[in-house]
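Peer 1: Sequence plus the predicted model coming up.
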Amino acid sequence: MAERKTVIYPNPEVLAQAVAARTLLTIADLLAEPNRKRVDIAVTGGTDGIYVLKVMGESVLAKAVDWSRVHVWWGDERFVAADSDDRNAKQAREAWFDKLIEDGRMPAGNIHEMPADERGVEEIAGASPERTDEVLAAAAAEYQRELVEQLGEHPSLDIAMFGVGPDAHFASLFPDHGETEIDDSHTLVAGVRDSPKPPPLRVTLTVPMIARSKHTWVFTSEARKADAVKAAFAKRDNPHAPSSYADGEELLWLIDEGAACKL
């Protein structure tokens, strides 16, 4: 288990700027390593995550990165239609990634979205819990296959970025929901049914997959997240505070003074 290091910034704006700069500089440094062919990062949705992507796109440091060698993954996704505004991937594309592709700086194939729900409204409404579990399991298996095809039998990410919810969840790993405690090293992606946060169906990386990351960065802001940060810091691997399971070769928590006010 990696030592958790914490950096505290004065406010959400400075936090976003710092996370964006750290990400861009780390990508550039990794790409400069001898024999390095590509960099693989997992991004996150939510208010903080999408804002960081927007800031990255506006940064002069983005010009130092060869985006043709960068591959983008997601730590979790809402299992809804591909064109739903709830999709993390749709929000990320609108914030930045579509422009990278349109400008010819990143091949479209470098964007690895989690599967979307291709079922119709009536099929979704009429599905039994067992059928829903089957569909989610198939989506999770599809994304795991893509990870293995792209990154090898034991896939790992160079950078994995996560936000934190007020209930201390990260990715789509929710308190006392079961998926957080998956410790099977062969289960890298899981489906989530009955998410306590809408929409109810999700696909998420598991803790074993997250722990393989070279750099795991957890970032969040504002006093409304202070209880979540306090709970995550109080005890590692606490199922009541899933973000306490965050791990990797390097584990950084990047938070602002509001989120840190109860530490």
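Peer 2: Cool, the structure landed.
Peer 1: Please determine how far residue 253 is located from residue 8.
Peer 2: According to C-beta to C-beta, to the nearest Å, residue 253 and residue 8 sit 9 Å apart. Using the backbone N, CA and C atoms, a C-beta is placed for each residue, glycine as well.
Peer 1: who has more neighbours, the two?
Peer 2: Using other C-beta atoms under 10 Å, the more surrounded residue of residue 253 and residue 8 is residue 253, with 24 against 15.
Peer 1: From what I see, that one and residue 225 are in contact.
Peer 2: No: the criterion here is C-beta atoms under 8 Å, and residue 253 misses it with residue 225 at 11.3 Å.
Peer 1: What are the contacting residues of the helix or strand that contains residue 254?
Peer 2: The secondary structure element spanning residue 254 is strand 250-256 (assigned by DSSP states H and E). Among residues not part of strand 250-256, those counted as contacts by C-beta atoms under 8 Å, 6 or more residues apart in numbering are 2-12, 14-15, 18-19, 22, 214-222, 225, 229, 233, 246.
Peer 1: Residue 8 and residue 257 touch, don't they?
Peer 2: Yes: using C-beta under 8 Å, residue 8 makes contact with residue 257 at a distance of 6.1 Å.
Peer 1: returning to that earlier point: what subset of the contacts of strand 250-256 is buried?
Peer 2: Buried by 16 or more other C-beta atoms under 10 Å: 4, 9, 12, 15, 18-19, 22, 214-222, 225, 229, 233, 246, out of those.
Peer 1: where do the helices sit along the stretch 1-150 of the chain?
Peer 2: 12-31, 46-58, 88-92, 98-102, 121-126, 129-151 (DSSP state H, counting those that start in this stretch).
Peer 1: Dump those into TSV; add distance to residue 190 as well.
Peer 2: Written out in TSV, the entries for those read as follows (distance: least, C-beta to C-beta, whole Å):
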stretch	distance to residue 190
helix 12-31	26
helix 46-58	19
helix 88-92	16
helix 98-102	28
helix 121-126	20
helix 129-151	5
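Peer 1: Compute the distance between the residue sitting nearest the centre point of the chain and residue 37, please.
Peer 2: Among the residues of the chain, residue 75 comes closest to the average C-alpha position under C-alpha atoms, centre = their mean, at 2.9 Å. Here the criterion is C-beta to C-beta. By it, residue 75 lies 23 Å from residue 37.
Peer 1: again with residue 210
Peer 2: Noted for residue 210: a distance of 23 Å to residue 37, by C-beta to C-beta.
Peer 1: Looking at these two, which one has more neighbours?
Peer 2: residue 210 (26 against 7).
Peer 1: give me every residue that touches that one.
Peer 2: When the contact criterion is C-beta under 8 Å, 6+ apart, the partners of residue 210 are 75, 160, 162, 171, 216, 245, 246, 247, 248.
Peer 1: Between the residues you listed, which sits nearest residue 202?
Peer 2: For those, the minimum distance to residue 202 (C-beta to C-beta) is 8.6 Å, reached by residue 171.
Peer 1: wait, isn't the closest one in contact with residue 76?
Peer 2: Yes: judged on C-beta under 8 Å, residue 171 makes contact with residue 76 at a distance of 4.1 Å.
Peer 1: The two: which is more packed in?
Peer 2: With other C-beta under 10 Å as the criterion, residue 171 and residue 76 differ in neighbour count, and residue 171 comes out ahead with 31 against 26.
Peer 1: ok, that one to residue 239 distance?
Peer 2: Per C-beta to C-beta, residue 171 is found 14 Å from residue 239.
Peer 1: and what of residue 154?
Peer 2: Residue 154 sits 26 Å away from residue 239 when distances are taken as C-beta to C-beta.
Peer 1: pLDDT weak spots in the protein?
Peer 2: Within the chain, no stretch falls below the threshold (pLDDT under 70).
Peer 1: Count residues in the vicinity of residue 81, would you?
Peer 2: The criterion is other C-beta under 10 Å. On that basis, residue 81 has 17 neighbouring residues.
Peer 1: tell me the contacts of it?
Peer 2: 87, 116, 117, 118.
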